[in-house]
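Q: Return a 3D structure for these sequence lines:
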Amino acid sequence: MKKVFFVAILSLCTRSIHAQAITTNDSTVYLGKVTVFKDNRLDILAKKEAEFNEAIALGPKSARGYRLMVLSTSDRAQAMNLRARLLQKFPEQKVYMSFQPPYIKLKFGNFLERAEADEYKKEITNNRLVTTNIYLVPEIIEIKPDKNKEKDTL
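A: Presented below is the predicted three-dimensional model:
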């Protein structure tokens, strides 16, 4: 009895539902035309998101290279002072600061070639930023690929 009642109600409902039916009473029928009203800020947001995704795709990669160990001290003020002077003199390079008790170690730069690291080493000693020995340390470094080169290879 429940099944018959359910089938009867279902058949009545399906007869009254006409999804996307075209009425011929009106002479103007719009088929396939969609008008989208949107805010212009959505285009700006989409552009920024595309730039962000591209920056992540072209982001820093790692390779074997060299860094300069410029300081190993237990004096934090001295380490911060040298770090600031290096960043002012060479803004294109990074300074890496690590703490291995009881010493604070400052490493400078991301160099693929040993010769490039030696040039910076000479420049740092000529400017008398560091009075102690500077050591060349082989490490895994960050490489920032050039956007133009990356697009040319694609």
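Q: Please, where are all the strands along the chain?
A: Taking DSSP state E as the criterion, the chain contains strands spanning 61-73, 95-100, 103-111, 135-143.
Q: Which of those has the highest mean neighbour count?
A: Counting by mean count of other CB atoms under 10 Å, strand 103-111 has the highest mean neighbour count of the strands of the chain, with a mean of 20. All C-beta spots, glycine's among them, are computed from the backbone N, C-alpha and C.
Q: got the angle between it and strand 61-73?
A: Direction vectors for strand 103-111 and strand 61-73, defined by axes from the mean of the first three to the mean of the last three CA atoms, to 10 degrees, enclose an angle of 140 degrees.
Q: Mind listing the strands strand 103-111 pairs with, and their directions?
A: strand 61-73 (antiparallel), strand 95-100 (antiparallel) (DSSP bridges).
Q: Can I get the longest one as CSV, trimmed to CA atoms?
A: Taking only C-alpha atoms (Å, rounded to 0.1, in the frame of the first residue of the first chain), the coordinates of strand 61-73 have been written out as CSV:
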residue,chain,number,x,y,z
LYS,A,61,65.7,26.3,-6.3
SER,A,62,68.7,24.7,-4.7
ALA,A,63,72.1,23.5,-5.9
ARG,A,64,75.6,22.8,-4.7
GLY,A,65,77.6,26.0,-4.3
TYR,A,66,79.6,28.0,-1.9
ARG,A,67,79.1,30.5,1.0
LEU,A,68,81.6,32.6,2.9
MET,A,69,81.9,32.0,6.6
VAL,A,70,82.6,35.6,7.7
LEU,A,71,82.2,35.3,11.5
SER,A,72,81.9,32.9,14.3
THR,A,73,81.5,34.6,17.7
